[in-house]
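Colleague: Give me a model of this one.
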Amino acid sequence: MARLLRGAPVAQALTLSLKPRVEALRDRGVVATLAVVRVGEGASDLSYERAARRRMDAVGIATKGIALPADCSQAELTDAIDRVNEDAGIHGCLILRPLPRTLDEMAACAALDVAKDVDGVTAGSLYGMFANRQVGFSPCTAEAVMKLLDYYGVELAGAKVTVVGRSLVIGKPVSMLLLAADATPTLCHTHTRELAVACRDADVVVVAAGHAKVVGAAAVHAGQVIVDVGTNWDEEAGTLVGDVDFDAVEPKVAAITPVPGGVGAVTTAILAKHVIEAAEGLIS
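Modeller: Model prediction:
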């Protein structure tokens, strides 16, 4: 039976470590504050906003919601982001995505001040991550993967890691973070030929392909660590499932993250960490 790499203990430990930093900021007259920009009332957006607010409350970070109608214009969205940029009392901003198709998501992200980009969506933040420079912040989910692996003592230096997924939210950034940790990442996707072979060749497999159960028993071997970042709704089962076929893979590998209850639980804690770092940067 594989070891379950649950996210809750990781998030709890990180939350406890962040509270004294929030208190230190308050002692200096700074209330760390996160703005959450939401367009419309999509169920996933509302769910993540609630989770983010709960985490901020647990740490002691203030939150400010900025809700726009689903049919808002690009100018209205840009104006809201500009107000966040200009408000010295707001230290970080989370733009809930994906935005409605009527809006230019890249333009919206580009409008955000890099110093307040606590979710790694601006070109400046992505440059900092790819160049291994202290500019902006890494995408929260990608950093959450790294935090989870570190918490459970997974040795990355010299390890072969296969990443399945090439998005700018997880796949590409987590590959860069792994490289910075002296791992040797191989970036794959659902069109990769002999994907199962690439996965079997790795010590660690990080799956963020956005397709349910794309990695099965034929893609793993004994001793591997599997990090499943996927969240997909299984209509037949009526539950969330990952990008990994958990039931088929779990008996074969050394350790695996559950879905739900894995990486997702750590993401909001990383978001809180970034808000605090942004606030600390303004007064350092």
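Colleague: Helix, strand or coil: sort out the residue nearest to Ala80 when sequence neighbours are not counted for me.
Modeller: Nearest non-adjacent residue to Ala80, counting by Cβ to Cβ, 6 or more residues apart in numbering: Ile66, 5.3 Å away. All C-beta spots, glycine's among them, are computed from the backbone N, C-alpha and C. What DSSP: H, G, I helix; E, B strand; the rest coil gives for Ile66 is strand.
Colleague: helix/strand/coil for the nearest residue to Arg133 once chain neighbours are set aside?
Modeller: Closest residue in space to Arg133, ignoring its immediate chain neighbours: Tyr127 at 7.3 Å, by Cβ to Cβ, 6+ apart. The three-state label given to Tyr127 by three-state DSSP is helix.
Colleague: From what I see, Tyr127 and Val135 are in contact.
Modeller: Yes - with contacts counted by Cβ atoms under 8 Å, Tyr127 reaches Val135, the gap being 6.2 Å.
Colleague: Show me which of the two is the more surrounded one.
Modeller: Remark: of Tyr127 and Val135, Val135 carries more neighbours, 16 against 13, as counted by other Cβ atoms under 10 Å.
Colleague: could you list every residue that touches the residue nearest to the more buried one when sequence neighbours are not counted?
Modeller: The spatial neighbour of Val135 that comes closest, neighbours along the chain excluded (Cβ to Cβ, 6+ apart), is Gly128 at 3.0 Å. Shown in contact with Gly128 (Cβ atoms under 8 Å, 6 or more residues apart in numbering): 134-137.
Colleague: ok, so what distance separates Gly128 from Ser175?
Modeller: With distances taken as Cβ to Cβ, to the nearest Å, Gly128 is found 15 Å from Ser175.
Colleague: In this protein, where is pLDDT below threshold?
Modeller: Counting by pLDDT under 70, the chain shows low-confidence ranges at 282-284.
Colleague: Quick one: the strands in the stretch 51-200 of the chain, in order.
Modeller: Secondary structure of the stretch 51-200 of the chain (DSSP state E, counting those that start in this stretch): strands at 62-68, 92-95, 160-164, 184-188.
Colleague: Looking at the ones you listed, spot the one closest to Val229.
Modeller: With Cβ to Cβ, the closest approach to Val229 among the strands of the stretch 51-200 of the chain belongs to strand 160-164: 9.3 Å.
Colleague: so what does that closest one touch, helix or strand wise?
Modeller: Packing partners of strand 160-164 (3 or more Cβ pairs under 8 Å, 6 or more residues apart in numbering; DSSP states H and E): helix 171-180, strand 184-188, helix 195-200, strand 204-207.
Colleague: Dump the C-alpha coordinates for the third one into PDB.
Modeller: What it means is helix 195-200. The C-alpha coordinates for helix 195-200 follow below in PDB (Å, rounded to 0.1, in the frame of the first residue of the first chain):
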ATOM      1  CA  LEU A 195       4.000   8.600 -22.500                       C
ATOM      2  CA  ALA A 196       3.800   5.600 -20.300                       C
ATOM      3  CA  VAL A 197       7.500   4.900 -21.000                       C
ATOM      4  CA  ALA A 198       8.400   8.400 -20.000                       C
ATOM      5  CA  CYS A 199       6.500   8.100 -16.800                       C
ATOM      6  CA  ARG A 200       8.000   4.700 -15.900                       C
END
